[in-house]
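**Student:** quick one, fold the following:
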Amino acid sequence: MESVETIDIARLEEAVVVFYQSNSQDQAITHEWLTKAEASPQAWQFAWQLMQLGKSQEVQFFGAITLHSKLMKYWHEVPAENREELKQKILETIVQFAAGPKLVLNRLCLSLSAYIVHMLEDWPCAIEEVIETFQSQRIPNVSAEAQLWIMLEVLLGIPEEAQVIHTSVKRVTLRGEIGKRVPLVLQTIETFLKQQMGTEWDTEGYSNMTRAVKCVNVWIRNIGYSIEACVSICVVLLEIVNKCYWPCIRSGVGCMSADENELAETCLTAMVSIIVQPDCHNYPKTAAVLIKMFLDSLCDITQVEWKRDNDNEDIIVHIYMLFVTAVERHSGLFLSGITATDPELSAIWSRMVHEILQCTDKPGIYPVEESCSTMALAFWYMLQGDVFAMPDEQKRKCWEHIKPLYAHLTTVLVRKSEQPDESSIDKWNSDDLECFRCYRQDISDTFMYCYDVLDDYILEILAAMLDEAIVELQAHPTHWTKLEACIYSFQSVAEHFGGEESRQIPKLMRVLSEIPYEKLNEKLLGTALETIGSYCSWLMDNPTYIPPAIDLLVRGLNSTMSAQATLGLKELCRDCQMQLKPFAEPLLDACQATLVTGRMKNSDSVRLMFSIGKLMSLLPPEQIPKYLDIIVSPCFEELQTICQAGSTTPAARIRTIFRLNMISTLFSSLNTDLDDELKDVHNVQPVLLVMQKTMPIFRRIAEVWVEEIDVLEAACSALKHAIVNLRSSFKPMLQDLCYFIVASFQTRCCAPTLEISKTAIIIFFWEENCKPMMQQLLLEFVQHSFKLFENTPQQNFSNISDTMEMFFACLTQIVKKVPQVLEDKTIAYDRLIYYAQRAMLLPENGPIRASTQFVTQFVMQSRNHAHMTDVMLASGEQIIQTAMICVGYMTPRQQVEKFADVFLSINKKYPAELAVWLKNVMSVPNFPTELISEAEKSRYVTLIIKIKVNKRLLQQHLGELAVKTRGLVPLQSPVN
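**Tutor:** You can find the predicted model right below:
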């Protein structure tokens, strides 16, 4: 397309039509050209040409948005002597389009808003004149409705344009100037709304009133106004809400129209903006007056609509939003209402808490049958938190006051956590179910806040509800949802109760073991299984309840709820391992039988292997090989089959990762050295027996799947779990592991192999007889990484950024935990520093973080070893130069603060040298960029040298330096 330097109007019109009528690819090309045209100085001329009568609506609209864009961003292009002419043109064009299209007229009104904001100093009475002109209907040949519409659109635009226009005036000054006009604007809107209250509203009337109320909201939200002066407008807004609501109720229609809904919701939203203004807490009496007004005016509506599947849910949501927001914003006022001697304030407190409790207890199931209750949950967290933060005497009094409230809330939450039953589930889609899952989790968290207030008494409340649910289930066998909700409630507070609780939890355990799950919905079984898992710490101290818990979990393994069963069994095996010894064999048989069926998901099978490992660890040594052969051998047999076939299909990859994850999980939990009393020095760990037989398979996997990093991760994860779990017991296999690692390095140096090398070095370097092997492994670790770096062109280092990140992250951990490795003079420390600098210069966050941490650790250890000190003295200035390049322009600005550690470590170990290096580096002209002056560079050099400890302050200085060298505007400065 032609250059935008000489814009032909016909071509421009054609481009606009193409943009609005073409496909997305053509649109993208046209959009780029139109954007350039819009930004050109010529746009001031062609904008008016495009808005001439007779042009298509698309062309006129583009002309209007071009004018608006120019006024927003390019005001500086308008000479002072031309500004009056520009105003007249805007006004004339508004009159021209007064009858529509509204799309074009709206942009012209916003253009006038932007013009007014720019001209506040030169045209101080602009807003007054606009209101007077259009309110008095002084524009000939334009209908009264159109003039009202234009006035409201212009007023609506002024606060919003003030937030976004490009201007040299500070935002705070601009806001202050516009703030002087708030009383006039609100008075104008209030007068208009009052005039409308005595009339019948048609569609146009609703539209104008909604626009007027939006005006109130925008001015309050963006500019602000003392709530003392907002009382009268709130009275009007509440009257409008009631006038929108009650006629349809009294006439028997029942459901508000779309216009009524929109107007009422806009009024309620405006009142939210009024009651949450930043300084409104300074006016507690007025806040109390407003909140009482809200309650007096709106509670009748909430009472009528407090039902399931009500017709006017949207307005109820907005009313409760107003109530909850008012309480959260004025929590101090409400807390004082608890202890207040003022009966009026105490009455407001009681009424508001009742309303929020009613909001929480809204009939129906969220989110399909009601959508209010979720808003109230945050209030209950805030209330107990604020009470516990009070001084002791006040806290005691308030605590006693809110206990009955939270006891009632507990019963409400149990009901609200009920799941949809079979008769209603058909109305639910996947989004509804996910929303309900999150809502139940929020309820679970709220049960925790109830416990904080009620302590053990919460169990008595839940136990009483459990009894009621059982009675109801016996009377109505299909009513399972209440029982499921009660069990879920017990699960939510489980972490607070240890083995000493002997009244309600035993009762719960008996109920869980006696429920006829096969006759009821499967979700009940799922919740029961999760609850067993939650109470495993209690079961550890009450082992008599373990057998029925096991029976329930085994039943779950062979059901559709196997995920919950494997989770519960995992918790039981982890917390109660020793108590499970008498049940280990039958449990293992049950697990094996479940695995053989193949019905479980892969993730559930992997999780089950953790329990299998824990249970196997309890067996006599002579019995373990039998179960290894039954359960583990199929994993290795399948892996061997896949490797022998050499197949790398997606299906083979999925099965390989699945089997490796099963083995990995088993290796993490199978350890026969359970405690000192049971240790047998002659006992060979079962994991070692497995690995001795299967290490060739691991080697073959590394060869076959060399290009699949997730397969290598799974293989290395299995070996890592074996090392971490067995630690010193792993020594017999250490040499085989090293052979595997080196063979893998020779095929491909990648992150998983680096990580397992690090794990082995950190654990076994301290063992004297393993030290030579670990020193050699470290050399291989470094040399193969160097080989990868050398064979990769530096411009392609981002392609291996994950490996570079892992290399330096592992090396940092090794140096930190085993500093003796640095005694080895055969390691090329200078090359380590060189490649660390290359990693610093990458755009990815991981290598930047890992390399700066390594350099920091290297510097801190370097004074302990002469050969490292020599490297630092030779490379120090280059490190500083690289760090300054990164801070100056290379590194993403969010990552710049990571270099503070590098400077601090060098300043600590090499203070004199740092001063010389930094001055040498920064003395180079235009370094790091030409956007920073020599004087500023000198100042930052002094600051960096001066700060020896305060990391936060140094990070701040580096951030400021990065802003200056990149020519950016600091965040706290006004946008120019």
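**Student:** and Ala590, how far is that from Thr302?
**Tutor:** Using CB to CB, to the nearest Å, Ala590 is found at 53 Å from Thr302. C-beta: built from backbone N, CA, C; applies to glycine.
**Student:** I'd like to know which elements the lowest-mean-pLDDT helix or strand in the chain is packed against.
**Tutor:** Across the helices and strands of the chain, mean confidence by mean pLDDT, DSSP states H and E is lowest for helix 24-39: a mean of 78. Using 3 or more CB pairs under 8 Å, 6 or more residues apart in numbering; DSSP states H and E, the elements in contact with helix 24-39 are helix 9-21, helix 57-73.
**Student:** chain center to the longest one: distance?
**Tutor:** On the basis of CA atoms, centre = their mean, to the nearest Å, helix 57-73 sits 37 Å off its chain's mean C-alpha point.
**Student:** just checking, what packs against it?
**Tutor:** Against helix 57-73 (3+ CB pairs under 8 Å, 6+ apart) you get helix 9-21, helix 24-39, helix 43-50, helix 102-118.
**Student:** identify the residues contacting Ala146.
**Tutor:** Applying CB atoms under 8 Å, 6 or more residues apart in numbering, we find Ala146 in contact with 98-99.
**Student:** tabulate the helices and strands packed on helix 24-39 (TSV), appending mean pLDDT and mean neighbour count.
**Tutor:** Below are those laid out as TSV (pLDDT from 0 to 100; neighbours: other CB atoms under 10 Å):
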stretch	mean pLDDT	mean neighbour count
helix 9-21	83	16
helix 57-73	92	22
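**Student:** nearest to Tyr449, of these?
**Tutor:** With respect to Tyr449, and counting by CB to CB, the nearest of the helices and strands packed on helix 24-39 is helix 57-73 at 47.0 Å.
**Student:** neighbouring contacts of the next helix or strand after that closest one?
**Tutor:** Next in sequence after helix 57-73, counting helices and strands by DSSP states H and E, comes helix 83-96. For helix 83-96, contacts defined as CB under 8 Å, 6+ apart pick out 48, 51, 53, 67, 78, 105, 108-109, 111-112, 115, 119, 122-123, 139, 141-142, 150.
**Student:** can you do 6 Å?
**Tutor:** Outside helix 83-96, the residues that touch it by CB atoms under 6 Å, 6 or more residues apart in numbering are 51, 108, 111-112, 139.
**Student:** write the ChimeraX selection for whichever of these are buried.
**Tutor:** Of the contacts of helix 83-96, the buried ones can be selected in ChimeraX as follows, counting by 16 or more other CB atoms under 10 Å:
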select :51,108,111,112,139
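**Student:** return the item of the contacts of helix 83-96 having minimum pLDDT.
**Tutor:** Here the lowest pLDDT out of the contacts of helix 83-96 sits on Ile139, with 80.
**Student:** and it, helix, strand or coil?
**Tutor:** Per DSSP: H, G, I helix; E, B strand; the rest coil, the local secondary structure of Ile139 is coil.
**Student:** quick one: which of the helices and strands packed on helix 57-73 is nearest Val606?
**Tutor:** helix 24-39 (43.1 Å).
**Student:** neighbours around the closest residue to Leu105 other than its chain neighbours, how many?
**Tutor:** With CB to CB, 6 or more residues apart in numbering as the criterion, Leu105 has its nearest non-adjacent residue at 4.6 Å, and that residue is Phe97. Neighbours of Phe97 under the rule other CB atoms under 10 Å: 22.
**Student:** equivalent analysis for the one 4 residues further on, please.
**Tutor:** For Pro101, the count of nearby residues is 12 (other CB under 10 Å).
**Student:** which residues touch it?
**Tutor:** Per CB under 6 Å, 6+ apart, neighbours of Pro101: Gln57.
**Student:** can you give me the pLDDT of it?
**Tutor:** Note for Pro101: predicted pLDDT of 90.
**Student:** same check on Leu777?
**Tutor:** Looking at Leu777, its pLDDT is 96.
**Student:** do the same with Asp680
**Tutor:** 46.
**Student:** from Leu156, how far out is Met51?
**Tutor:** Met51 sits at a distance of 21 Å from Leu156 (criterion: CB to CB).
**Student:** go on, Val16?
**Tutor:** 26 Å.
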